[in-house]
Structures are given as structure tokens and as C-alpha cells.
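**Q** Here is my input, please return the structure:
(chains A and B)
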2 protein chains.
Amino acid sequence: MKKHNFNAGPSVLPQFTIENTAKAVLDFNGIGLSIMEISHRSKDFQPVVDEAVALVKELMSIPEGYSVLFLGGGASLQFCMVPFNLLEKKAAYLNTGTWASKAEKEAKLFGEVVEVASSKGANFNYIPKDFTIPADADYFHITTNNTIFGTELRKDLDSPVPLIADMSSDILSRPIDVSKYGLIYAGAQKNLGPAGVTIVIVKDELLGKVSRPIPTMLDYRTHIKEGSMFNTPPVVPIYASLQTLKWLKELGGVSAMEKMNIEKASLLYDEIDRNKLFVGTAATEDRSLMNICFVMKEEYKELEDEFGKFAAAQGMVGIKGHRSVGGFRASTYNALPKESVVALIDAMKEFEKLH
Amino acid sequence: MKKHNFNAGPSVLPQFTIENTAKAVLDFNGIGLSIMEISHRSKDFQPVVDEAVALVKELMSIPEGYSVLFLGGGASLQFCMVPFNLLEKKAAYLNTGTWASKAEKEAKLFGEVVEVASSKGANFNYIPKDFTIPADADYFHITTNNTIFGTELRKDLDSPVPLIADMSSDILSRPIDVSKYGLIYAGAQKNLGPAGVTIVIVKDELLGKVSRPIPTMLDYRTHIKEGSMFNTPPVVPIYASLQTLKWLKELGGVSAMEKMNIEKASLLYDEIDRNKLFVGTAATEDRSLMNICFVMKEEYKELEDEFGKFAAAQGMVGIKGHRSVGGFRASTYNALPKESVVALIDAMKEFEKLH
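**A** Purely as a prediction, here's the structure:
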């Protein structure tokens, strides 16, 4: 049976990425060796990194003055790398969910942290809009998409200080104006590739301004200077990410993605709003195009387990909601085909009829 | 033509690892999804981490009281994680090469560093033996195998303070007495799998003794508590490493590996010593079983390029020596078959006849 992969991350990838990566693991470029067993500094692998960097720059229209890095360690490592490199005295954070909270917590080890607003009191079901960014902060940190709570900040904020964004779960899902950001980071395992690599896009002129010593591996300048090759980079995850970048370009780039993502999400949100059994959990105006969270209406709560099994029996994978929200979460990343959304909607309709 | 892969890292892997990883990238365990697109917390992936940890414990005979971690970020990240977690006042380092120097450099950001000995003056062609480890150091750091210079410390040292070892390029190549070590770390990309994951074996009781705050991701206790699942781990590199661990067990474990490694290295060192054209660069008593460095004798120096091309024409890959040593380096890790060593020896003999 065809699987519909709604996993929140690691998550669905294009078949193009899967097949090309498997092929390279067996024999890379026909050289008679696996991509896992060649030097990252070889003439065979260097073009992979170069092309991946070039495609990120092209697809995201990154202006001059920014560096693109592929780093190991996961986005969680960025939670401390950002303040290590950028926080001299004070930083501002917008608290919109679990990951935003974790990022904020790490910054407190490095200096004063101002939480400009938080939606914690409402179980993060909306994104605060009414806040003031302190003009004397070293930076302002946001999480553009909140994977667990299904909210998304779908516009590029104006900030009087460098804007730092964790875009782990919505990078490359829509066009953004990179010039409005000081630094963007994203773990690959949602819209790009397998876990194990993190993209960092950083405005070079922001670096080198803090007075603390920075361990070499945690200093962005190390990786900029060495083109992400200071140490052995995560070769396979980078190769897989490159495949997804190529696939994305072929399909028309981030504008085309946004169009498809809006279409997929609209179909599913419409059904959630129409179906008598379900209700969405996120504030309507902040609904994410990437993670669509919904629960059974109060009066149908006892059907929750049953619907989970019903959907699973029809090939739906990974739609159980995170324990902080409960219910269901359909992650509809770039690579999720529209047919999977339609299949889920059909299951919801069918289940409604049965009850 | 059959390739003989002498790459220093990433390097040759067992065919078993390559084929099983390629298979899992296409379809993991027959679940209809790639291993790249499933949750690391799923019932499908958890057994991968559990089995990998169990096999490392079994193969290395790790005693109670130690934790085994699979972390992202590379061994270079350990250069700062070790002092972050363990250096309160003073640490001792043995400087035996490029990587040892890099590890030592990071420690200086955290406290006093005593270099107990260094072979830098002799271009690291031997491992110093005559040194005193300060009894008041928080730990003593060594690099058991020096990939670039072809020297190896093939015994477990006695140390009055916790012994920390970077075993990136010789882990699982011979039996060691883990109880003599406080912490062992190793990047996967020599004897285990693809780049992107680092094994850490740490004696639990050493942790929690420094007074500095440690960023969450850099604190070993975080990863111990969460079984290497605090954040999304590098799924594919861990899966590939598991395959190599299974392969290694099937072949008889680390004792069998040591026997094969001694055999392979002896064959090649004997030829280097016999052949009129070549000479080994490392002190005989410190010769590495993993990286065999040799150059053309002074009177044949002009033949160096020619031999490189001659060997390449016969399928030898990656035998160019590191620029710090020059000449040639044949890396003979666990997975390199004896036939590759024999092929190289044949090429050396053939080349000798021609000159």
C-alpha cells in the first residue's frame, strides 16, 4: 500500500532525493566507490558542496555579503552558537513554542535576555504581534514555524536590530527577503534532507564583534573561511540535500513551492473547518502551511484513537499530534504530494460518515 | 577496474555496510519509507540506536559505569566539549600531531594547559615516551593514532588522572582496556561509517564536576539522559555505523581485527623496508597499523610523481601523503581487504623493477 508520509521530521523527501542518494551510496558518480568512502576534499565531492551552496543562494535570492554554510550538529547546536557569536550584552527573543523556548534558554548563559512576548499562556496557539524590540539588543531571535503547535510567521519582520531566524521547519517553503535577516538557520530534516546537517545563512559583517573567545568549531568565521570544510562535513546528508535543492529548482523554485503549499494547506484546513468531528488548534491567522494541527471536537473526543487507527489503515503515517497539543498533526512539507493531502481528507470525510 | 581504497578518511567501508545502507535509503526494513524520512523516535529507528550502543559495549568490553553516545558535529567538536565538561583548572596534553595540537589549542580557552611532551620538532615522526603526567591535572589527553604522520600508541597508558583519548582513526582496530580511560571519542569516518557521527564513551562519574555553565548541547549529561536522542541524531550515519559493527562482530570482533591489521601492516612495512626505492617516515617502534606513511628515498625523489601515477593506473586510490609529510600514505583501516595491500605491494615491486 502507498504510504502517505505526514511525519513532522525527519519527514517526507522527494523520490528524486531518495533514489539519487541510494545510488551514490552504492557508487558515486560511477567512480567505483561509495560516497561514504571518499575524501570530502576530493575533486569528486567538492563540487557537491559548491553546487549546494550556489543553489541555496540562487533559490533564496541571497544578496552579496552573506555566507552559506552546511554544518553538523543539528539546529539545536545553533541555539548556543548564535549567542556565542552574536550576544555581547543583551538579546531579544520571541517565544512562540518549544524550540523558541529552548533557543532562549541557551542565550541566558551568555548575557541578558529580553523575552519581547510569549504565547505560552495559550499553549502557543498563536504568534504574538504586539511587542517592542529593544533597539539596544544585539539581535532579535524568532522561530518562523512552530512545528509542534502548527503556527507560522509568514512574513519577514522589520527589526531595528539584526533579525535571527530559526527556519528549520519552513525554509525554502516560500520566498523570503533575506536582506531583512542577519542570520537564518535550519536543520535539514524537514524540507531538505536527512538529519545531520544544518544550513546557516549569515551576514558576514555581524561576526567578530563579541569580546568572548569562541571555541574554533563554534565560531562561524571558522566555517566561512574553510567553506564548510574546516572538519569533515556530513557528506551524505549534504549530498541528499543537494538532490532536494535540484528537485526544488526543477519544480520552479520557492514561488512554485509556496503556491503548492498554500493549495495543500488550504484543502486540509477547509476540511478541518467543514468536518463536524474536527477542529484546528492554531489561531486562524497564524496557521502554518507546514504543520497542520487539529483535534477531535470535545463531543467526539472518544473517537480520537479510532480515527488514528482508521487513518493508519489507509496508509497515513505520522499524523499523531505532539503530546503538548494532542490530537493530530499533518506535516505538509514541500515534498508531500497533494495526493497525500487528498487521501487524508478522504479519510476524514469517510470517518465522518461512519459517525 | 577494481579500486583499492587507501583513503585516510572518509575511507573504505565494508561492502556489507554500503549495500545495507543503500537499501535502507531506498526502503527501510520494508516499511515503504526511506530511513531518511522517518522519525528518529519511531519504533523503527529506536532499535538501530539501541543495537549500535549495545554492540559498541559488547565489542569493546565496556565495563559498567560508562555511557556510549552517538553525537553529531564531528570529533573536532569534542576538542571543545572535553574541556567544557572536564577542565576546571588544569589539563595535560600529549602533542603527537596535527589533531592533538588542535585539541590542545581548544583546551587553552578553558584553563591552564600543560603539554607534557611533543614530537613537533621531529615533524611528529614518533610518540614521546618520557613524560610526567601532572597528578593535579583534571585529565590527560592523548591521540592514539596520528592519521597524518602514521604513528600509533598501541598500548593503554597508565595515568594518575582520567585518561581522555581521541581514537578517531584506530577505534575498534584492537582490543583496549576501556577501564583505563575516562573518555574516548572517535569520528565515525575511518573505521565505522560515513562522516557525520562521533562515538563518545564516557565514564559517568567524571561529569558534573566543573563549575562553569555548559550549553545544553555541549553537556555530555544531556545526551546521556536522552540516550543520544536529545535532538534529532544523524540517522543515516548511525545506521551505516551499525552495519559496520555487525560486520565486525561477524568477523570475530576486535581481536580478529587486530590480527588482520597486524598482518596487513606487516606485509606493507616489510615491503617498504625491503624495496630499494622507498623509506618509511615514522619511527619503527611507533608505526601505525592504520596509516602507513612512506616516501621515496632521497636518491629516487624525482620518481615520486611517477609512482603516484603508476599506482593510480593500477586502481590505487588515496595513497598521496598529507602535505605535512609528503610522499605516500596507505590507510589500512579495518575494512581494507588484504588483497588491496597485496596489490599495492605488487605495484611497488613492479615499479622497483622498472627503475
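
**Q** Can you name the residues of the stretch 201-350 of chain A sitting close to chain B?
**A** Residues of the stretch 201-350 of chain A lying close to chain B (C-beta under 8 Å from any C-beta of the partner chain) are A:213, A:215-218, A:230-237, A:240, A:317-318. Bear in mind the C-beta positions are built from the backbone N, C-alpha and C, glycine included.

**Q** These in helices, which ones?
**A** A:235, A:236, A:237, A:240 (DSSP state H).

**Q** Now that you've got the residues of the stretch 201-350 of chain A next to chain B, can you turn the buried subset into something I can paste into PyMOL?
**A** One line in PyMOL is enough to select the buried ones among those; burial here means 16 or more other C-beta atoms under 10 Å in any protein chain shown:
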select buried, chain A and resi 215+216+217+218+230+231+232+233+234+235+236+237+240+317+318
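
**Q** Pull the most distant pair out of the residues of the stretch 201-350 of chain A next to chain B.
**A** With C-beta to C-beta as the measure, no two of those lie farther apart than A:213 and A:317, at 46.2 Å.

**Q** Let me see the contact set for residue A:341.
**A** Neighbouring residues of residue A:341 by C-beta atoms under 8 Å, 6 or more residues apart in numbering or on different chains: A:264, A:267, A:268, A:330, A:332.

**Q** The same query, at a cut-off of 10 Å, please.
**A** A:4, A:6, A:263, A:264, A:265, A:266, A:267, A:268, A:271, A:292, A:330, A:332 (C-beta atoms under 10 Å, 6 or more residues apart in numbering or on different chains).

**Q** what does residue A:75 give?
**A** A:81, A:99, A:102-103, A:143, A:166-169, A:185-190, A:198-200, B:217, B:231-232 are the contacts of residue A:75 under C-beta under 10 Å, 6+ apart.

**Q** Need the nearest residue in space to it, chain neighbours excluded.
**A** residue A:187 (3.8 Å; C-beta to C-beta, 6 or more residues apart in numbering or on different chains).

**Q** What segments of the stretch 51-200 of chain A are helices?
**A** For the stretch 51-200 of chain A, the helices defined by DSSP state H, counting those that start in this stretch cover A:75-86, A:98-107.

**Q** Output those helices as JSON lines; include the columns mean pLDDT.
**A** Formatted as JSON lines, the helices of the stretch 51-200 of chain A follow (pLDDT from 0 to 100):
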{"stretch": "helix A:75-86", "mean pLDDT": "98"}
{"stretch": "helix A:98-107", "mean pLDDT": "98"}
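
**Q** Let me know which of these is the nearest to residue B:28.
**A** helix A:75-86 (23.2 Å).

**Q** relative orientation of that closest one and helix A:98-107 in degrees?
**A** 40 degrees (axes from the mean of the first three to the mean of the last three C-alpha atoms, to 10 degrees).

**Q** Tell me the predicted confidence for residue A:32.
**A** For residue A:32, the pLDDT comes out at 94.

**Q** scratch that, residue A:129 is what I was asking about
**A** On the pLDDT scale, residue A:129 gets 96.

**Q** mind listing what it touches?
**A** A:117, A:153, A:285, A:286.

**Q** ok, and the closest non-adjacent residue to the third one?
**A** The reference is to residue A:285. Spatially, and ignoring its direct neighbours in sequence, residue A:285 is nearest to residue A:126 (7.8 Å; C-beta to C-beta, 6+ apart).

**Q** Please list all residues in contact with the one you found.
**A** Listed by C-beta under 10 Å, 6+ apart, the contact partners of residue A:126 are A:96, A:119, A:149, A:151, A:282, A:283, A:284, A:285, A:286, A:287.

**Q** The residue nearest to residue A:75: neighbouring residues, count only.
**A** When counting by other C-beta atoms under 10 Å in any protein chain shown, one arrives at 30 neighbours for residue A:187.

**Q** quick revisit: next one: the residue nearest to residue A:285 relative to chain B, how far apart?
**A** For residue A:126, the distance to chain B equals 26 Å [C-beta to the nearest C-beta, to the nearest Å].
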